[in-house]
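*Asks:* below: sequence and its predicted model.
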Amino acid sequence: MEKPENRQLKGRKPMDKYLIGIDLGTSGCKTAVFDRTGQVMGTSSAPYPVYYPQSGWAEQDPNEWWAGACKTIHEALMQSGVHPDQIAGIGTDGQSWSAVAIDRKGKVLTNTPIWMDTRSEEICRRWKNSIGEKEIFRICGNSMQPTYTTAKIKWYQENLPEIYAATDKILQSNSYLVYKLTGNITQDISQGYGWHCFDMRHGRWDYDMCRKLGIPSNLLPKIMACDTVAGRVTAQAAVESGLNEGTPVVAGGLDAACGALGSGVLNEGETQEQGGQAEGMSICLESYKADPRLILSFHVVPGKWLLQGGTVGGGGVLRWFASNFAEYEKKEADKTGKSVFAQLDELADQIAPGSNGLVFLPYMSGERSPIWNPSAKGIFYGLDYAKTKGHLVRACMEGVAYSLRHNIETAELAGASVSSLKAMGGSANSKVWTQIKSNITGKPVSVPSSDTATTLGAALLAGVGTGVFKSYEEAVKLTVRDTFYYMPDQKTADVYQNGYSTYKKIYEALKPLMQ
């Protein structure tokens, strides 16, 4: 591999400064190099697997996260032509609710359960009975669910006692990456919501709740603001990643929160719609509003919260469909160069809104908000001989959009206001799917930058933290630009109202069979 000092600067001034954003997603790591205007100078992605060793389990190996980060940093820098000494700062973001157990030397002791993992359902049930759901919710503003970090720690204690005994700290995904880059152990404030001993009003650990949950306080990392410089790239990390030793690294944040920032979500009511592996929405709040049916975290922007809806079904639904039912499209992609997903888009676009009565429940690994049922199942309802592959594809898209609407309506009942959506993630590249979401939710949708919003948000944290930007307002004004707009089609309102009603009724009718 070419050494950084031998790269050509492609005519850029030696004093130009750039920012790096690193996103540890569920399906892979993505790194991007940005200039001060938000232009992508270079980008790279590297996949890594999710392991499913048992029913209800979903794990990843943090060592594979680090390998993916090193690979993509090298490649993004090489593609950009930017020299490592031109990098002003690095921001990281990551998927939620990890539980990375490391020992005193920083060694990862076991694979971490990720946000889809529901193995600790029984532990949550016990805590609800012994401590009380209301008391837990009063402190952390979130319901006790097996997908969060908290119960995963107790699961280690009960099922992996040797691992638990050797654990020095529990890290989140991006804080593990910060540790690998800097050698410093931290916890950014936006990821605190994964712990039920985290005071969601004041952004600090609640040690009395730690005691009630049986979580030793020594396992908890130091909490930092997301734009605080957590450390600098070490000599070892520089060798492995291709970065310069001493480059500042900020604490970073939750992927959804960085995606919200990279989409321009700064003010009350502004809402990011996340169409990645999972579907979701993040509503910016300037005051504390919690609802047990939803998810509440701090925003990466200081002094603000995000009221979130997070579902299991999202872009992952279409990836699952493509993997299992799109052999013809894969062959056509090889012949014509038209991607499988572009072909599936065309099939869906040929089907009338409502999929002629075919309704899909996207509960492919249980479901998160607002129903919180780890036993929920994915369902196609309304199949008959008249249905085609196109009906199935469009029903998948509509089912994900129904889950988004369910979360938005729940948030509005909780007192939040949503006037429009800022879409990001892979599914925002689909004009068909994004229009469906606008039609089903009844909300206008803008697309700032579907593929880079999350890495941009992470980079903006680094920019504010290192003084490249004077404020978040300046950072967003300089870097975030809408590229597409969608308005809800009122002609589809009745058919989608009927479809949404059926969607909710199917779940309620079949819920007893799902347990």
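*Replies:* Yep, it's here. Given the structure is predicted, the values throughout are model-derived calculations rather than measurements.
*Asks:* surely residue 248 is in contact with residue 466?
*Replies:* Yes: shown here, residue 248 and residue 466 form a contact pair, counting by CB atoms under 8 Å, at 5.3 Å. (Each C-beta comes from the backbone N, C-alpha and C, glycine too.)
*Asks:* between those two, what contacts are shared?
*Replies:* Taking CB atoms under 8 Å, 6 or more residues apart in numbering as the criterion, residue 248 and residue 466 both touch 88-89, 229.
*Asks:* distance to residue 315, neighbour count and pLDDT for the residues you listed - can I get that in a markdown table?
*Replies:* Formatted as a markdown table, the entries for the shared contacts of residue 248 and residue 466 read as follows, by distance: CB to CB, whole Å; neighbours: other CB atoms under 10 Å; pLDDT from 0 to 100:
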| residue | distance to residue 315 | neighbour count | pLDDT |
| --- | --- | --- | --- |
| 88 | 32 | 19 | 98 |
| 89 | 29 | 25 | 98 |
| 229 | 33 | 17 | 98 |
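*Asks:* so which of these comes closest to residue 448?
*Replies:* Within those, distances to residue 448 taken as CB to CB reach their minimum at residue 89, with 21.6 Å.
*Asks:* for that closest one, which three-state class applies?
*Replies:* At residue 89 the chain is in strand, as set by DSSP: H, G, I helix; E, B strand; the rest coil.
*Asks:* low-scoring pLDDT stretches of the stretch 201-350 of the chain, where are they?
*Replies:* Within the stretch 201-350 of the chain, not a single segment meets pLDDT under 70.
*Asks:* any idea how far residue 285 is from the spatially closest residue to residue 235 that is not a sequence neighbour?
*Replies:* The shortest distance from residue 235 to any non-neighbouring residue, by CB to CB, 6 or more residues apart in numbering, is to residue 245 (5.1 Å). For residue 245, the distance to residue 285 under the criterion CB to CB, to the nearest Å works out to 40 Å.
*Asks:* what do you get for residue 314?
*Replies:* Residue 314 sits at a distance of 23 Å from residue 285 (criterion: CB to CB).
*Asks:* which of these two has more neighbours?
*Replies:* Regarding residue 314 and residue 285, a neighbour count based on other CB atoms under 10 Å identifies residue 314 as having more, with 25 against 21.
*Asks:* if you average pLDDT over stretch 76-83, what comes out?
*Replies:* What stretch 76-83 shows for mean pLDDT is 97.
*Asks:* what residues sit buried inside that stretch?
*Replies:* 76-78, 80-83 (16 or more other CB atoms under 10 Å).
*Asks:* okay, now the domains of this structure?
*Replies:* In the assignment given by automatic domain parsing, the structural domains of the chain cover 16-256, 315-445+486-514.
*Asks:* closest one to residue 456 among these?
*Replies:* Comparing the domains of the chain against residue 456 with CB to CB, the closest turns out to be domain 16-256 (6.0 Å).
*Asks:* so how far is the first residue of that closest one from its last?
*Replies:* Looking at domain 16-256, the gap from its leading to its trailing residue is 29 Å under the measure CA to CA, to the nearest Å.
*Asks:* for it, the distance to its chain's centre please.
*Replies:* Counting by CA atoms, centre = their mean, to the nearest Å, domain 16-256 is centred 12 Å from the centre of its parent chain.
*Asks:* all helices of the stretch 51-200 of the chain, in order?
*Replies:* Shown for the stretch 51-200 of the chain, the helices assigned by DSSP state H, counting those that start in this stretch span residues 62-80, 121-127, 133-140, 149-159, 161-166, 173-182.
*Asks:* just checking, what packs against the last one?
*Replies:* Read it as helix 173-182. For helix 173-182, the packing partners by 3 or more CB pairs under 8 Å, 6 or more residues apart in numbering; DSSP states H and E come out as strand 18-24, helix 62-80, strand 87-94, strand 100-102, strand 186-188, strand 229-232, helix 235-241, strand 248-250.
*Asks:* what is the nearest of the buried residues of stretch 76-83 to residue 126?
*Replies:* Checking the buried residues of stretch 76-83 against residue 126 by CB to CB gives residue 76 as the nearest, at 45.4 Å.
*Asks:* does the closest one touch residue 33 like I think?
*Replies:* Yes: in terms of CB under 8 Å, residue 76 counts as a neighbour of residue 33; the distance is 5.1 Å.
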